[in-house]
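[1] here are the coordinates; sequence isn't available:
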């Protein structure tokens, strides 16, 4: 993961690329699936920026998807609040994170003891 990751429109589709223009295959498969579902280009773009923000946070936090839990989601919320993100943006990013995690691992984000998350 790299903080150099960016979102780029390629042939009419949004894709996540690293600093060497290498594709983030998981994220791009997810974005492609949103397109196949018929979601608007603006929605796919919003998901792309949410994933960009999430991947940058994962890199800064030195976290990986393996072992990702609800406790990590709370840390992600705290980070976003410290960056003055609006509640609506935070909630959309959380939804995108949960959808992406489920897409990649066919499972919900791992529950954490002592963490209360909305269902």
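    Sure, I can see it. What you are looking at is a predicted structure, and each value in this text was computed from that prediction instead of being measured.
[2] once you drop chain neighbours, what's closest to the residue most central in space within the chain?
    Nearest to the geometric centre of the chain sits residue 51, at 2.9 Å (C-alpha atoms, centre = their mean). In this structure, residue 51 finds its nearest non-sequential neighbour in residue 27, 4.9 Å apart by C-beta to C-beta, 6 or more residues apart in numbering. To be clear about C-beta, it is placed using only N, CA and C from the backbone, and glycine gets the same treatment.
[3] what about the strands in the chain?
    With DSSP state E as the criterion, the chain has strands at 6-10, 13-17.
[4] ok, and which of those strands has the densest surroundings?
    strand 13-17 (a mean of 20; mean count of other C-beta atoms under 10 Å).
[5] quick check: mean pLDDT of that strand?
    Averaged across strand 13-17, pLDDT comes to 93.
[6] where along this protein do the helices fall?
    For the chain, the helices defined by DSSP state H cover 25-36, 41-61, 70-82, 87-105.
[7] out of the ones you listed, which is closest to residue 113?
    Closest of the helices of the chain to residue 113 is helix 70-82, at 8.7 Å (criterion: C-beta to C-beta).
[8] packing partners for that closest one?
    Counting contacts by 3 or more C-beta pairs under 8 Å, 6 or more residues apart in numbering; DSSP states H and E, helix 70-82 is packed against helix 41-61, helix 87-105.
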